[in-house]
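Trainee: Pasting the sequence and the predicted coordinates here, then a few questions.
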Amino acid sequence: MFSIVSETITWGGKNLTIETGKIARQADGAVVVKYGDTTVICTCVWAKKIADDASFFPLTINYMEKFYAAGRIPGGFVKREGKPADREVLISRLIDRPIRPLFPDGFLNEVQVVCTTVSYDPECAPEIAALIGASAALSISGAPFLGPVAGCRVGYDKESGFLLNPTEPSELELTVAGTNEGILMVESEVNELSEDTMLDAVMFGFEQFQPVVEMIDNLKKRVGKPVPEVVPFEEKYADAMAKIEDISSGKIREALSITAKLERRDMLEQAKKNMLEDLVDEQEPVILDALFEKLVARIMRSSLISTRHRIDGRELEQIRPISCEIDVLPKVHGSALFTRGETQALVVTTLGSSLDEQILDNITGEARERFMLHYNFPPFSVGEIGRLGAPGRREIGHGKLAWRALSAVIPSKSDFPYTIRVVSDITESNGSSSMATVCGSSLSMMSAGVPLKSPVVGIAMGLVKEGDDYVVLSDIMGDEDHLGDMDFKVAGTANGITALQMDIKITSINREIIKTALQQAKEGRMHILGIMNSTIAQAKSELGETAPRVETVMIDKEKIRDLIGPGGKVIKELCEKTQAKIDIDDNGIVSIFSPDKQKMEEAVAAVKSICCPPDIGSVFEGTVTRITDFGAFVSIGNKEGLVHISNIADHRVKSVADVLKLGQTVKVKVIDVDDRNRIKLSMKGL
């Protein structure tokens, strides 16, 4: 018989249950989380010995969604779940970020957490259930996890205030996670809200997930396995660390005084090499390498706290030199080169038709996306050799963060009927390439003529905290990110914040630190915005020469079938003839895209001739299709009109056949269209 243990609370108006003991019992920790009708199975397995490569903590989080969870069959030919979709990658990162800091220094055993959504309720977010389940599985597994951690989603409505786990879109889509001590992770998409509102939203979320932290803690007390003692890394290898300090501390301080990244890196690498040569017989190189990195971090952090001056000589709030250029590539639709210090992004905008929209297929249903932002981070950007291939988790995550920052200012389809794809290629990197992508994307889209509501600026903030003393750093560089305690990214316009993402490496931070970081970030954003505005402050009034033009024609919905034709024959022939892209929506709006003015005019005229009654007074060249005693029928487009015998010529015509023949091309003018859409034509005076 199963020994099932569960905890249940009512949370946000829904039942939340965590159950263990029935499913996946061979895992070290396994729970089933039910939130409403959303059900997620979360498991944890951890190795009982240190990994061979002990220089980093090998934690892997895998989030997966089964299409059967929503009663759907996957699209495509294979008809089964394949490689992780971007959504699954992003949720895996969402779970990883608040969990990773909660393992003690010195625990280097491999850990894998797998979260699988097996039932999907649109009213209850599976990513929140998965985050809670991952925390619960770790908490009862016996792994030295310093949780529990929990999280929630926060929405905002000006009338209702903050909303817990909202089911409808609002001014704010915020996910916040942490422990009972403080905040660990924040991620959001925002519609230009103030710093004060964002701070209150984060703290609202912190308060709302406290019952879930207590719930997981109760489950841990009931069924949690014994946790092994972990000796801190530096304490375990104290003798080796003392020798490394004697050998390397002077060279490390000298290297950290060099402002140029590559020169500083080379000196640190040489200092490490010398240390390894001296101590290789006394300790494993991988251990010495890790201890050396910890010594670098300790020296950099203590210097920053004591002097309030940074590695590159800047003040705490000082922004690195910035350069903005647009139209750097001749044949693309829009381009920009954004350089901040030693970080540089080449960003290109491409405009397309509705047929270029991305089709998204996941358990939430099929959707279309007309704004895409793709981020690439080649190894040469940091002076390294590496594999080039499909984007990794980091690239997908950074691209999505930039997308969130900019989506609030993208014009509506009715105002700008183009599909927009932005590609950011990082050509140099020394800190916050995702925020350089935000700035470069704004410049690139305005260069392409995309009428953004406002330019968006991004900045990354850092933190070094020792005891109660701390410093917040504006525009962090790579070493400050790597050796510091926080990566706090803020993007927004002159009117407010559009995206916020925070990750920390310590166990939590408080309201005061977040408030300081938000205010300092605002000052930095305004500084960067001023420089960007001096290059381009709003979108160009005209699209580039190579960009496609678009015209829209409104047709009767009943005429859509005529324009498409049997099996799509009419629309296909029209596209081939005019070389234009034609998209028809269900409301009868026909969007015609073409970079060639003449081809565009031909396509517009063809669509109108098929679907719209011709304007009175319009002149066409048509073909005689029938001859009768009272006149001749002439084809104009796919319509026929009658030229009455009295309108064939300025003089009296006795017989139509005396003047016109079948197949003859004639010039005709529309003189009337009756209420049954019958067209009357005339040849007089033409």
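Mentor: Perfect, thanks for sending it.

Trainee: and residue 634, which of the three is it?
Mentor: strand (DSSP: H, G, I helix; E, B strand; the rest coil).

Trainee: dump the residue contacts of it.
Mentor: Counting by Cβ atoms under 8 Å, 6 or more residues apart in numbering, residue 634 touches 622-625, 640-643, 666, 668, 681. From N, CA and C alone the C-beta is placed, and that goes for glycine too.

Trainee: top of those residues by neighbour count?
Mentor: When neighbours are taken as other Cβ atoms under 10 Å, the top entry among the contacts of residue 634 is residue 681 (28 neighbours).

Trainee: Select from the contacts of residue 634 every entry located in helices.
Mentor: Assigned to helices by DSSP state H, none of the contacts of residue 634 qualify.

Trainee: can I get those residues in CSV with distance to residue 211 and pLDDT?
Mentor: Below are the contacts of residue 634 laid out as CSV (distance: Cβ to Cβ, whole Å; pLDDT from 0 to 100):
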residue, distance to residue 211, pLDDT
622, 76, 85
623, 78, 89
624, 82, 89
625, 78, 90
640, 74, 84
641, 75, 87
642, 78, 91
643, 82, 89
666, 82, 88
668, 78, 88
681, 77, 89
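
Trainee: Export these to a markdown table and append columns for distance to residue 102.
Mentor: Shown next, in a markdown table, are the contacts of residue 634 (distance: Cβ to Cβ, whole Å):
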| residue | distance to residue 102 |
| --- | --- |
| 622 | 78 |
| 623 | 79 |
| 624 | 84 |
| 625 | 80 |
| 640 | 77 |
| 641 | 78 |
| 642 | 83 |
| 643 | 85 |
| 666 | 83 |
| 668 | 80 |
| 681 | 81 |
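
Trainee: what about the helices in the stretch 401-550 of the chain?
Mentor: Remark: helices assigned in the stretch 401-550 of the chain by DSSP state H, counting those that start in this stretch are 433-448, 478-483, 511-535.

Trainee: Flag the helix or strand of the chain with the lowest per-element mean pLDDT.
Mentor: helix 597-611 (a mean of 81; mean pLDDT, DSSP states H and E).

Trainee: Which strands or helices does that helix pack on?
Mentor: Applying 3 or more Cβ pairs under 8 Å, 6 or more residues apart in numbering; DSSP states H and E, one finds that helix 597-611 contacts strand 549-554, helix 560-564, helix 569-578, strand 589-594.

Trainee: Show me what counts as buried in stretch 425-441.
Mentor: 425-441 (16 or more other Cβ atoms under 10 Å).

Trainee: Repeat that for stretch 319-336.
Mentor: 319-320, 322, 324-327, 332-336.

Trainee: got the CA positions of it in CSV?
Mentor: Output of stretch 319-336 as CSV, limited to C-alpha atoms (Å, rounded to 0.1, in the frame of the first residue of the first chain):
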residue,chain,number,x,y,z
ILE,A,319,27.7,54.6,-16.9
ARG,A,320,30.4,53.5,-19.3
PRO,A,321,30.9,55.5,-22.6
ILE,A,322,28.1,55.0,-25.1
SER,A,323,28.1,55.2,-28.9
CYS,A,324,24.9,54.9,-31.0
GLU,A,325,24.8,54.5,-34.8
ILE,A,326,21.9,53.8,-37.1
ASP,A,327,21.7,52.7,-40.8
VAL,A,328,25.0,50.9,-40.5
LEU,A,329,24.0,48.2,-43.1
PRO,A,330,22.9,49.4,-46.6
LYS,A,331,20.4,46.8,-47.8
VAL,A,332,18.5,45.8,-44.7
HIS,A,333,15.2,47.4,-43.6
GLY,A,334,16.7,49.0,-40.4
SER,A,335,19.9,48.6,-38.5
ALA,A,336,21.8,50.0,-35.5
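
Trainee: Show me which strand runs longest in the protein.
Mentor: Counting by DSSP state E, the longest strand found in the chain is strand 38-50.

Trainee: which non-adjacent residue is nearest the residue nearest to the spatial centre of the chain?
Mentor: Closest to where the C-alpha atoms of the chain average out (Cα atoms, centre = their mean) is residue 400, at 1.6 Å. Closest residue to residue 400 apart from its sequence neighbours, by Cβ to Cβ, 6 or more residues apart in numbering: residue 90 at 5.6 Å.

Trainee: Touching, that neighbour and residue 395? I think so.
Mentor: No. Under the criterion of Cβ atoms under 8 Å, residue 90 is not in contact with residue 395, lying 11.6 Å apart.

Trainee: List the buried residues in the helix or strand hosting the residue nearest to residue 400.
Mentor: Following DSSP states H and E, one finds residue 90 within helix 86-99. Neighbour-count burial for helix 86-99, counted by 16+ other Cβ under 10 Å, picks out 87-99.

Trainee: Okay, residue 145 and residue 227: tell me how far apart.
Mentor: Residue 145 sits 8 Å away from residue 227, going by Cβ to Cβ, to the nearest Å.

Trainee: between the two, who's got more neighbours?
Mentor: For residue 145 versus residue 227, neighbours defined as other Cβ under 10 Å are more numerous around residue 145 (26 against 14).

Trainee: Identify the residues contacting the more buried one.
Mentor: Contacts of residue 145 (Cβ under 8 Å, 6+ apart): 99, 102-103, 138-139.

Trainee: Grab the two from those that are most spread out in space.
Mentor: Maximum pairwise distance among the contacts of residue 145 (Cβ to Cβ): 12.3 Å, between 103 and 139.

Trainee: Many thanks, we can stop here.
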